[in-house]
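Colleague: Quick one, fold the following:
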Amino acid sequence: MKVLAIESSCDETAAAVIEDGRTPLSSVVASQVDLHAKYGGVVPEVASRQHLRNIVPVVREALESAGLTLDDVDAVAGTKGPGLAGSLLVGYNAAKAIAFGRELPFIGINHLEGHIYANWLVEGPEPEFPALCLVVSGGHTDLVFMRSHGQYERLGGTRDDAAGEAFDKVGRLLGLPFPGGPHVAKAALEGGPSDVSLPRAWMHGTYDFSFSGLKTAALHAVREEKHTVPNLAWEFQEAVVDVLAGKTSRLARELGARNVLVAGGVAANQRLREELHRRCPVPVRIPPPKFCTDNAAMIGAVAGFRLDLGERSPWDQDVFTTNNWARV
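Modeller: Below you'll find the predicted structure:
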């Protein structure tokens with residue numbers, strides 16, 4: 001089954017063709033990073049207008065890169081949420097319109113479930129169940145127990161800032177370019193242990209996370225003007241990674257998970273990858289960086305499995321913007 005998938009939940013316009021839920025025949029992403037950089041973050045209305053400009057060329061390029069036309073497509077999938085409402089509407093309705101016009105099966109896919117299924121795009125054996133999923137991105141930080149395809153239980157998550165959001169905000173405090181996450185990680189390579197000490201919010205008794213206090217502590221450290229940017233970046237990254245890897249590894253052990261699946265933009269962070277592999281008691285699967293950040297290939301991966309089970313979305317289904325695992 002060849003699925004044309006479209007993703008536009010935030011500031012990337014993406015389209016891909018995925019075969020049988022595992023094989024990317026193409027994956028095209030039009031980034032808006034340069035467009036939003038001058039604002040220091042994503043401006044929703046600007047993002048949605050740019051999606052309107054990008055959506056048709058991106059879909060055409062995805063088909064051409066796969067060496068296909070719409071006549072070769074068996075089904076269409078679109079991201080239904082969570083995300084920015086205006087951005088979601090562009091990609092979701094484009095996908096729905098293509099499916100309706102070509103009389104093809106259509107399915108709406110949860111963006112967070114898509115991030116998890118990026119692990120099915122990795123070459124080699126499929127992930128084993130039960131699996132513990134760490135979804136960590138600019139908008140979300142969740143620990144989800146996955147018993148089988150489509151069976152999820154959210155066991156913990158952030159109570160305030162997502163990890164990626166904290167990276168971006170601290171990057172701004174340090175005077176680094178947008179998006180802050182990759183630049184903080186790069187600056188940290190030149191830093192190391194020093195007299196700066198930032199807190200870890202362990203939230204004992206839960207598997208929840210909190211990064212707002214860490215962000216505030218970083219702000220005070222910046223205002224003291226006693227520490228170098230590389231050392232502050234290093235300490236901040238260590239604090240985030242310590243909590244993410246610590247809680248994930250402990251929960252994987254308690255649950256008897258067979259795999260740990262890492263997903264989302266922050267999964268591209270090399271220090272987090274290293275610590276998860278070092279600490280977790282079971283094999284850790286992390287997609288290549290190109291499938292960690294927002295892309296349509298991951299949406300096509302989920303769609304392949306769900307369509308194979310006979311699932312379809314009604315034509316009157318709308319997008320949603322909140323993180324709710326019950327709606328997966």
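Colleague: hey, where'd the strands end up in the chain?
Modeller: Assigned by DSSP state E, the strands in the chain fall at 2-7, 12-19, 23-31, 75-81, 106-110, 131-136, 141-148, 151-157, 259-263, 284-285.
Colleague: Give me the contact list for the last one.
Modeller: What that stands for is strand 284-285. Contacts of strand 284-285 from elsewhere in the structure, counted by CB atoms under 8 Å, 6 or more residues apart in numbering, are 119, 122, 127, 259-262, 276-277. Bear in mind the C-beta positions are built from the backbone N, C-alpha and C, glycine included.
Colleague: Now the helix of greatest length in the chain: average pLDDT?
Modeller: Criterion DSSP state H: the longest helix present in the chain is helix 229-255. Taken as a whole, helix 229-255 has an average pLDDT of 98.
Colleague: what's it packed up against?
Modeller: With contacts defined as 3 or more CB pairs under 8 Å, 6 or more residues apart in numbering; DSSP states H and E, the packing partners of helix 229-255 are strand 131-136, strand 141-148, strand 151-157, helix 163-173, helix 180-188, helix 212-224, strand 259-263, helix 270-279.
Colleague: hang on, the earlier thing: between the strands of the chain, which one is closest to residue 229.
Modeller: strand 131-136 (23.4 Å; CB to CB).
Colleague: From the chain's centre, how far out is the closest one? Work that out for me.
Modeller: Centre-to-centre, strand 131-136 and its host chain are 11 Å apart (CA atoms, centre = their mean, to the nearest Å).
Colleague: Need the residues that contact that strand.
Modeller: Contacting residues not belonging to strand 131-136 are listed as 112, 115-116, 141-146, 152, 162-164, 244, 248, 251-252, 255, 257-267, 272, 276 [CB under 8 Å, 6+ apart].
Colleague: Residue 309 is nearest to which of the strands of the chain?
Modeller: Nearest to residue 309, of all these, is strand 106-110, at 10.3 Å by CB to CB.
Colleague: And this protein, what are its domain boundaries?
Modeller: 2-117+291-327, 129-286 (automatic domain parsing).
Colleague: Make JSON lines out of those and add mean neighbour count.
Modeller: Converted to JSON lines, these look like this (neighbours: other CB atoms under 10 Å):
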{"stretch": "domain 2-117+291-327", "mean neighbour count": "20"}
{"stretch": "domain 129-286", "mean neighbour count": "19"}
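Colleague: Any regions of the protein where pLDDT drops low?
Modeller: Of all residues in the chain, those with pLDDT under 70 make up the ranges 326-327.
Colleague: Can you give me the distance of the residue lying closest to residue 304 once chain neighbours are set aside to residue 29?
Modeller: Across the structure, with CB to CB, 6 or more residues apart in numbering as the measure, the residue nearest residue 304 apart from its sequence neighbours is residue 21 (2.5 Å). With the distance defined as CB to CB, to the nearest Å, residue 21 ends up 20 Å from residue 29.
Colleague: and what of residue 109?
Modeller: 16 Å.
Colleague: Next up, the contacts around the closest residue to residue 93 other than its chain neighbours.
Modeller: Taking CB to CB, 6+ apart, and ignoring the residues beside it in sequence, residue 93 has residue 78 as its nearest neighbour in space, at 7.8 Å. Listed by CB under 8 Å, 6+ apart, the contact set of residue 78 reads 5-7, 91-96, 106, 108-109, 299.
Colleague: Adding distance to residue 65 as columns, could you present the strands of the chain in TSV?
Modeller: TSV is the format used below for these (distance: least, CB to CB, whole Å):
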stretch	distance to residue 65
strand 2-7	12
strand 12-19	8
strand 23-31	4
strand 75-81	17
strand 106-110	21
strand 131-136	28
strand 141-148	31
strand 151-157	32
strand 259-263	24
strand 284-285	26
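Colleague: closest one to residue 322 among the ones you listed?
Modeller: Between residue 322 and the strands of the chain, the shortest separation by CB to CB is 7.5 Å, and it involves strand 75-81.
Colleague: residues contacting the residue lying closest to residue 227 once chain neighbours are set aside?
Modeller: Leaving out its chain neighbours, the residue that sits closest to residue 227 by CB to CB, 6+ apart is residue 196, at 4.6 Å. For residue 196, the contacting residues are 221, 226-227, 231-232, 235, taking CB under 8 Å, 6+ apart as the criterion.
Colleague: quick one on the thing from earlier: mind putting the helices and strands packed on helix 229-255 into a markdown table with distance to residue 68?
Modeller: Written out in a markdown table, the entries for the helices and strands packed on helix 229-255 read as follows (distance: least, CB to CB, whole Å):
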| stretch | distance to residue 68 |
| --- | --- |
| strand 131-136 | 31 |
| strand 141-148 | 31 |
| strand 151-157 | 32 |
| helix 163-173 | 33 |
| helix 180-188 | 33 |
| helix 212-224 | 45 |
| strand 259-263 | 27 |
| helix 270-279 | 34 |
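Colleague: Out of those, which gets nearest to residue 63?
Modeller: Closest to residue 63 of the helices and strands packed on helix 229-255 is strand 259-263 (CB to CB; 26.3 Å).
Colleague: what packs against the closest one?
Modeller: Counting contacts by 3+ CB pairs under 8 Å, 6+ apart, the secondary-structure elements packed against strand 259-263 are helix 111-117, strand 131-136, helix 229-255, helix 270-279, strand 284-285.
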